[in-house]
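K.L.:
Sequence and predicted structure are below.
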Amino acid sequence: MKKVSITLLLTLLISSCSEQKGNLKNTKSKTTPKIMGTWKLVYGSVKENDSLTIKDVSKAEFVKIINETHFAYFNQSYNEPINFYGAGGTYTLENNTYTEKLTYTAWEDYRDRSFPFTVKISKDSLIQYGVEEVKEKNIKRYVEEKYIRIK
């Protein structure tokens, strides 16, 4: 009787700890999507109106983390700790269209908005480009970012 009780207890414990994969949006098979992981920005540009801004990656570290359903990114200046920012939300991935829904951000004009990007993944590199547009706020920015996977 003692063995049966211990076996039953272990079975219940193990089954209660198992992961529920049915709720994951971006996992249609048992393989992990290549986009999942931790990425470090090595190049970033933003074109807005007639201005082009290139991110100086020598002065700050920008990291993006992507899991099964969510993404988050943060930027930390090397010399000025006060220049820290971050954001995150959910995403969808269909073929090479990666759409971020920005939920957690201090930028109110961007909060609860979706931004589609084209992504290309080659070995340990991720290239992401697209338009961040909020028509009612007259925001239209062309963004290109290149990342390397952090191992």
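P.N.:
Noted; the coordinates are in hand.
K.L.:
what are the ranges of the helices in the protein?
P.N.:
Remark: helices assigned in the chain by DSSP state H are 2-16.
K.L.:
Roughly how far does the most centrally placed residue in it sit from Leu93?
P.N.:
For the chain, the residue nearest the mean C-alpha position is Phe71 (2.7 Å; Cα atoms, centre = their mean). Separation of Phe71 from Leu93 (Cβ to Cβ, to the nearest Å): 10 Å. In this view, the C-beta of every residue, glycine as well, is placed from N, C-alpha and C.
K.L.:
what do you get for Thr118?
P.N.:
From Thr118 to Leu93 the distance is 11 Å (Cβ to Cβ).
K.L.:
beta partners for Ser45?
P.N.:
As for beta bridges, Ser45 partners with Ile54, Glu144 under DSSP bridges.
K.L.:
oh, I was asking about Arg149
P.N.:
Applying DSSP bridges, one finds that Arg149 bridges with Trp39.
K.L.:
give me every residue that touches it.
P.N.:
37-40, 124-126 (Cβ atoms under 8 Å, 6 or more residues apart in numbering).
K.L.:
Return a ChimeraX selection command for the buried portion of these.
P.N.:
Applying 16 or more other Cβ atoms under 10 Å to the contacts of Arg149, the buried members can be selected in ChimeraX as follows:
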select :37,39,126
